[in-house]
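J.: Curious how this folds, go ahead:
(chains A and B)
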There are 2 protein chains.
Amino acid sequence: MDRTLVKEARQKMGSRIRLCGWVHRIRDLGNLTFLLLRDRSGLIQVVLEGKDHPELRLETVVKIEGKVVANEKAPGKVEIQAAKVEVISDVEYDHLPLAVNSGVIKEGLDTILNHRVLSLRNLQVHGIFLVQQEIIRAFRDFFRDRGFTEIQTPKIVAEGAEGGAELFPVKYFKKRVYLAQSPQFYKQMMVAAGYERVFEVGHAYRAELHNTTRHLNEYISLDVEMGFIKDENDLVAIENEFLRYLFASLPETCGEELSRFGVELSDPGVIPKLSVGEAQALLKAEYGKRLPAGNIDAEAEKLLGRYVKEKTGSDFLFLTGFPVSKRPVYAMPEEEAPDLTKSFDLLYKGLEITTGGQRIHSYRMLYEKMQAFGLNPEDFGFYLDTFKYGVPPHGGFAIGCERLTMQLLNLANVREASLFPRDVDRVTP
Amino acid sequence: MDRTLVKEARQKMGSRIRLCGWVHRIRDLGNLTFLLLRDRSGLIQVVLEGKDHPELRLETVVKIEGKVVANEKAPGKVEIQAAKVEVISDVEYDHLPLAVNSGVIKEGLDTILNHRVLSLRNLQVHGIFLVQQEIIRAFRDFFRDRGFTEIQTPKIVAEGAEGGAELFPVKYFKKRVYLAQSPQFYKQMMVAAGYERVFEVGHAYRAELHNTTRHLNEYISLDVEMGFIKDENDLVAIENEFLRYLFASLPETCGEELSRFGVELSDPGVIPKLSVGEAQALLKAEYGKRLPAGNIDAEAEKLLGRYVKEKTGSDFLFLTGFPVSKRPVYAMPEEEAPDLTKSFDLLYKGLEITTGGQRIHSYRMLYEKMQAFGLNPEDFGFYLDTFKYGVPPHGGFAIGCERLTMQLLNLANVREASLFPRDVDRVTP
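T.: I've put the predicted structure just below:
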């Protein structure tokens, strides 16, 4: 007999079926035992005769054969009258370190992450990654439909794209190389290679010592790069369009998981924009908050998020006009205000989830900028050489996938949105 | 005026359009200049009046406005009579290091890889990665349609999944960690976490000193793991089914690129199987080749590939029944022949592109196996602990994406199927 999934059982009312899954809950009621069986598709009530089932402990993997009957009182209004129960895989524990079968796990985040395989069995936690999968799928579908090619670029690199010291060194045979901070150089090079429009879903690595609720040292970067743009507004427009698409598609692909989190998504519409200068003036006027030129810190992001939500109803805000000094060397300067760049950030509920902008595509300009930044152009050999061979105006952005997931589901910590998070203290499980 | 892509020009016969792209070829003909313009969608002939266009060197990025007219002699039977040509992005070289506009690049592989951005502009090379993208897309579509969840597992890990010393060490703050050799432990843990069926498209790292035509040190692994299997035959069956799906879908999604490589795909049908014992007997009888017990070396793979092709017409061959000593500790032994495992390899045109098998799902059995392998179970803490909490029978496999691409397109070197390959000597570009 083939296996039936829990969610398909209802279509087989009256038949004998075979289910496989985990013992989610178990309850003795005199001559009967009620069991909730969990598989990847959901939960179903199973009724066993007799109360002696010592082999059936929580999380035991079982195969059950029985008849599907209607029961108004059962969850989903269907239950299985078991004729046969077989243990497929046993358990060996004194007590479970966390309650898989609770609605929301009550244990602390460290316990949840230390016992990741168990916590992922919890339906609420399971839902996070079903939503994340659909975010990534929507990202791919949206950009592929618009002529973008999916790429996989190397994570072992000779130098950093963002500069700075936030790199993890790798011992690579006799060389010292690094983990990529971002696919920046490579996605630009793929535009230059004639692919024109590329996207990537891949890991990025930041050796930041911050141990906050919003930093991961290994994260999933949803990267986009696009050639033949007019300026950064083309990028802002396509990211805005993507978010509208995402918010329209998620209720269809994972509506059940969203409701489990009490999340209702509404069309983000046209996302408001503020320049960094305007944002700083506003922070000073409204909250008495003063910031160094060009700087928007984490608290400022929160305040701006709250302000824009109150004034416009939007959860999102584009920040534009970052100064040259706050952006990497490759950021394209404004023609009319050469101290400012054609770059932007996107805040979602007061948290930066995207950085993007137009890049310099002229060999000469990039060479001179490197010198002005105190960098030695010789150190950027193959990247800089690219621009000798005709590169169109281009730019792009990257969305932090775990941050987007976290904000969308109102999670308290970005680690909750990573299957196996890596931070300063954690490299296992 | 909006930009028109080259491949859309033919639909605008008689209109004035704007094209953007690279100067692919240029030819003076007295009073006329013929130019081939290349964009991501293809090539088109452009006719300019006059012969003096010193600004138009090969690979210059240009914007062209002109009228679309029919011309039987032009490639694609359409040409643009240019009214306006503007340089968007200049070039700065003495001579191009390779001929982008040749059919097949004649320069050696080192030149091709050293100047990767330029070589990727070549249409033949460009095609490799359009095909690779479609292989990955087909992989995702196939497994998602069958209830598999896409996952992204960490590449920074505390220990190796395959054992052995082939690991790249990473300096991670004050710790020494490693790049993942395979998502093996994590994909098993995700099955155990109740996702039951998972797949991943991600990088894997092997610190192998081999510098051959079929080894990369960073490669794309197409990983599958599946719970509630009967045995390894379920895995062989689903991989076979995937390959049939792939070969049916590629001609639809990238038929043009396949023909550029002269590749015609036919249904692989039911792939033949041989046990390692049978394969060794055959190698001895047919080719006088003797091998140590359980071993199939690279030459043996080639001979077997050729033999099976001649006898059955199949490009593929499943090898089964590898001995316990040749497989990792987690490989499930056969009940009736406990020296053999329920694992398999898949050869494609005489090259191993897949390793897979059923895994041990019993805590006790795994614990004892580790001891028998001379491993300390304490070193496998979180992985081993997983099996205390009820793990269904499961198994999976991994397809080397670059190897599959290489064999499918009959490339001579696996590096040709990697955008930016990493080998013992190469970490740039």
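J.: alpha carbons only for contacts and neighbour counts from here, please
T.: Fine.
J.: what bridges to the closest residue to residue A:49 other than its chain neighbours?
T.: Leaving out its chain neighbours, the residue that sits closest to residue A:49 by Cα to Cα, 6 or more residues apart in numbering or on different chains is residue A:32, at 4.8 Å. Using DSSP bridges, the bridge partners assigned to residue A:32 are residue A:29, residue A:49.
J.: Near residue A:32, how many other residues are there?
T.: Residue A:32 is flanked by 14 other residues according to other Cα atoms under 10 Å in any protein chain shown.
J.: How about the one 3 residues further on?
T.: Using other Cα under 10 Å as the criterion, residue A:35 is surrounded by 22 other residues.
J.: Excluding chain neighbours, what is closest to it?
T.: In space, residue A:35 is closest to residue A:26, 4.4 Å off (Cα to Cα, 6+ apart).
J.: Mind listing what's buried along the helix or strand containing the one you found?
T.: Taking DSSP states H and E as the criterion, residue A:26 maps to strand A:16-29. Within strand A:16-29, the residues that count as buried by 16 or more other Cα atoms under 10 Å in any protein chain shown are A:16-26.
J.: same deal with stretch A:373-392?
T.: Quick answer for stretch A:373-392 (16+ other Cα under 10 Å): A:377, A:380, A:382-392.
J.: possible to save these as JSON lines with distance to chain B, secondary structure and pLDDT?
T.: Formatted as JSON lines, those follow (distance: Cα to the nearest Cα, whole Å; DSSP: H, G, I helix; E, B strand; the rest coil; pLDDT from 0 to 100):
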{"residue": "A:377", "distance to chain B": "15", "secondary structure": "helix", "pLDDT": "93"}
{"residue": "A:380", "distance to chain B": "10", "secondary structure": "helix", "pLDDT": "90"}
{"residue": "A:382", "distance to chain B": "6", "secondary structure": "helix", "pLDDT": "93"}
{"residue": "A:383", "distance to chain B": "8", "secondary structure": "helix", "pLDDT": "96"}
{"residue": "A:384", "distance to chain B": "11", "secondary structure": "helix", "pLDDT": "96"}
{"residue": "A:385", "distance to chain B": "9", "secondary structure": "helix", "pLDDT": "96"}
{"residue": "A:386", "distance to chain B": "7", "secondary structure": "helix", "pLDDT": "97"}
{"residue": "A:387", "distance to chain B": "8", "secondary structure": "coil", "pLDDT": "98"}
{"residue": "A:388", "distance to chain B": "5", "secondary structure": "coil", "pLDDT": "98"}
{"residue": "A:389", "distance to chain B": "5", "secondary structure": "strand", "pLDDT": "98"}
{"residue": "A:390", "distance to chain B": "5", "secondary structure": "coil", "pLDDT": "98"}
{"residue": "A:391", "distance to chain B": "6", "secondary structure": "coil", "pLDDT": "98"}
{"residue": "A:392", "distance to chain B": "6", "secondary structure": "coil", "pLDDT": "98"}
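J.: May I ask which two of those are separated the most?
T.: By the measure Cα to Cα, A:377 and A:392 form the most distant pair in the buried residues of stretch A:373-392, at 20.7 Å.
J.: Distance to residue A:92 added to the buried residues of stretch A:373-392, as CSV?
T.: Below are those laid out as CSV (distance: Cα to Cα, whole Å):
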residue, distance to residue A:92
A:377, 60
A:380, 55
A:382, 55
A:383, 55
A:384, 58
A:385, 60
A:386, 58
A:387, 61
A:388, 64
A:389, 63
A:390, 64
A:391, 61
A:392, 61
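J.: Pick the one among the residues you listed closest to residue B:92.
T.: Closest approach to residue B:92 among the buried residues of stretch A:373-392 (Cα to Cα): residue A:388, at 4.8 Å.
J.: Let me see the contact set for the closest one.
T.: Listed by Cα atoms under 8 Å, 6 or more residues apart in numbering or on different chains, the contact set of residue A:388 reads A:363, B:90-93.
J.: Now name the helix or strand holding the residue lying closest to residue A:18 once chain neighbours are set aside.
T.: Leaving aside its sequence neighbours, residue A:18 sits nearest to residue A:65 (Cα to Cα, 6+ apart; 4.4 Å). Using DSSP H and E, residue A:65 sits within strand A:61-70.
J.: In terms of secondary structure, what does the helix or strand that that strand is followed by contact?
T.: For strand A:61-70, the following helix or strand on the C-terminal side (DSSP H and E) is strand A:78-89. Judged by 3 or more Cα pairs under 8 Å, 6 or more residues apart in numbering or on different chains; DSSP states H and E, the packing partners of strand A:78-89 are strand A:42-49, strand A:61-70.
J.: For residue A:306, which of the ones you listed is the nearest?
T.: Nearest to residue A:306 among the helices and strands packed on strand A:78-89 is strand A:42-49; the distance by Cα to Cα comes to 37.1 Å.
J.: buried residues in the closest one?
T.: Neighbour counts over strand A:42-49 (16+ other Cα under 10 Å) mark A:43-48 as buried.
J.: got the CA positions of it in CSV?
T.: Only the C-alpha atoms of strand A:42-49 are listed here, as CSV (Å, rounded to 0.1, in the frame of the first residue of the first chain):
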residue,chain,number,x,y,z
GLY,A,42,0.3,18.5,8.7
LEU,A,43,-1.3,16.8,11.7
ILE,A,44,-4.0,14.2,12.0
GLN,A,45,-5.8,12.5,14.9
VAL,A,46,-5.3,8.7,15.2
VAL,A,47,-7.4,6.5,17.5
LEU,A,48,-5.8,3.3,18.8
GLU,A,49,-7.6,0.6,20.8
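J.: Regarding residue A:415, what is its secondary structure?
T.: The three-state assignment at residue A:415 reads helix, by DSSP: H, G, I helix; E, B strand; the rest coil.
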